[in-house]
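>>> got a sequence here, can you model it:
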Amino acid sequence: MTAIYIDADACPVKDEVYRVAQRYALNVFVVSNAFIRTPQSKLIQQIVVEAGADVADDWIADRAGKGDIVITSDIPLAGRALKAGAQVLAPTGKPFTESSIGAALATREIMEHIRSTGEQTGGPKAFTARDRSQFLSALDAAVHRARRG
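Predicted coordinates for the structure are as follows:
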């Protein structure tokens with residue numbers, strides 16, 4: 001059965017995931033380093049992991065697999081989830097794929113190097129209503145792909 005795993009600490013589309021999960025009766029694991037309010041539902045389970053780098057990522061990567069969907073902006077976690085056979089979506093709806101993850105990891109490394117030199121890179125773009133809409137469409141399509149097997 002398909003499950004959705006949310007890397008939840010900074011995820012702006014949790015409410016959208018909850019609505020889609022209710023519509024399709026899918027289990028959702030909301031994984032974070034601190035308590036996050038979630039709707040009362042048998043389908044939604046909050047997982048609070050210890051504080052620390054990559055602890056939430058490790059929890060998700062150890063469990064997500066073929067047929068599951070992972071929601072994250074974390075590129076290394078996306079790579080790990082893809083290797084396990086899961087579909088991965090960024091909160092903007094952009095899918096991470098086997099063919100795109102290498103370039104995403106390389107770009108991340110370059111940006112980390114640039115930031116380590118003291119250069120200001122500006123951070124991510126503001127999250128928009130269009131991003132939210134694209135995410136909902138992408139999540140719906142991912143659920144349909146997962147159900148087809």
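>>> ok, Pro95 touching Ala138?
Yes - under the criterion of Cβ atoms under 8 Å, Pro95 makes contact with Ala138 at 6.3 Å. Yep, even glycine has a C-beta here, placed from its N, CA and C like the rest.
>>> neighbour count: these two, which is higher?
Using other Cβ atoms under 10 Å as the criterion, Pro95 and Ala138 rank with Ala138 on top: 20 against 15.
>>> kindly list the main-chain dihedrals of the more buried one?
Backbone torsions for Ala138, taken as degrees, to the nearest 10, come to phi -70, psi -40.
>>> nearest residue to it other than its sequence neighbours?
Of all residues not flanking Ala138 in the chain, Gly93 sits nearest, at 3.6 Å (Cβ to Cβ, 6 or more residues apart in numbering).
>>> give me phi/psi at that neighbour?
Main-chain torsions, Gly93, degrees, to the nearest 10: phi 100, psi -10.
>>> then the one 4 residues further on?
When read as degrees, to the nearest 10, the backbone of Thr97 gives phi -130, psi 170.
>>> that one reaches Leu82, doesn't it?
Yes - applying Cβ under 8 Å, one finds Thr97 in contact with Leu82, separated by 7.2 Å.
>>> confirm Val28 sits in a strand?
Yes - the assignment for Val28 by DSSP: H, G, I helix; E, B strand; the rest coil puts it in a strand.
>>> burial measure for it, as a count.
Counted by other Cβ under 10 Å, the residues lying close to Val28 total 25.
>>> ok, it - contacts?
Ala3, Ile4, Tyr5, Ile6, Val17, Tyr18, Ala21, Leu43, Ile44, Gln45 (Cβ atoms under 8 Å, 6 or more residues apart in numbering).
>>> phi first, then psi, for Asp54.
The phi/psi pair for Asp54 (degrees, to the nearest 10) reads phi 70, psi 10.
>>> okay, it: pLDDT?
What the model reports for Asp54 is a pLDDT of 90.
>>> now for it, how many residues are close by?
14.
>>> for it, give its distance to Ile60.
Note on Asp54: its distance to Ile60, by Cβ to Cβ, to the nearest Å, is 10 Å.
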